[in-house]
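# got a predicted model here, sequence first, then my questions.
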Amino acid sequence: MKSTIVSMVVAAGLLVAGSALAADMPAAAKKNNCVACHAVDKKVVGPAWGDVAKKYKGDAGAAAHLDGVISKGGKGVWGPMPMPPNPKVTAEERKELIDFILGL
Ligand code: HEC
């Protein structure tokens, strides 16, 4: 009986965590503060990542371009506001972020 209650609580917790992840920014975006300027579905300071995915759909060079923008910064693509460089984001995190963004 006790173990049934425990497993139900664990299952409920997993459900909540799963749905939060689907609608939410990846951990690397929170850790590196991308969320201060970006959201998935609306423009904040920078473009909505959903719009970024649309813009680069079918572009074979997109991942390499975005990798450079994330680490070194970028400007002039979406408007007058530049994207600051993020030298602390690791190559692994950049890949995770780019896969997430282009997969939207
Ligand atoms: C201080 C605000 C700010 C932060 C923090 C920020 N961005 Fe940006 N980002 C921008 C702006 C502004 C642009 C638009 C730049 C342009 O027009 O070229 C942009 C553009 C982008 C683009 C599209 C680039 C292109 O050339 O199309 C991507 C992808 C992106 N950001 C990802 C990230 C990621 C990942 C992080 C976290 C590591 C991050 N941004 C953090 C402001 C920010």
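In hand now; what should we look at?
# per-residue confidence for Asp24?
Per-residue confidence for Asp24 comes out at a pLDDT of 83.
# what parts of this structure come near the ligand?
Applying Cβ under 6 Å from any ligand atom, one finds that the chain approaches the ligand through 29, 32-34, 36-38, 45-47, 52, 66, 69-70, 74-79, 81-84, 86, 89, 97, 101. (C-beta placed from N, C-alpha, C; glycine too.)
# ok, then the element right after the strand or helix carrying Val69?
Taking DSSP states H and E as the definition, Val69 sits inside helix 62-72. Per DSSP H and E, helix 62-72 leads on to helix 91-102 as the next helix or strand towards the C-terminus.
# now for Ala53, how many residues are close by?
Neighbours of Ala53 under the rule other Cβ atoms under 10 Å: 16.
# what sits against the residue nearest to Ile101 when sequence neighbours are not counted?
The shortest distance from Ile101 to any non-neighbouring residue, by Cβ to Cβ, 6 or more residues apart in numbering, is to Trp49 (4.6 Å). Applying Cβ atoms under 8 Å, 6 or more residues apart in numbering to Trp49 gives the contacts His38, Ala39, Val40, Phe100, Ile101, Leu104.
# tally of neighbours for the residue lying closest to Glu93 once chain neighbours are set aside?
Once flanking residues are discounted, Glu93 sits nearest to Ala28: 4.2 Å by Cβ to Cβ, 6+ apart. By other Cβ under 10 Å, 17 other residues sit near Ala28.
# could you do Phe100 as well?
Around Phe100 there are 16 residues (other Cβ under 10 Å).
# try Gly74
17.
# tell me what it is bridged to.
Met83 (DSSP bridges).
# pLDDT weak spots in the chain?
For the chain, applying pLDDT under 70 flags the ranges 1-23.
# re the thing from before, quick one: list the elements packing against the helix holding Val69.
helix 91-102 (3 or more Cβ pairs under 8 Å, 6 or more residues apart in numbering; DSSP states H and E).
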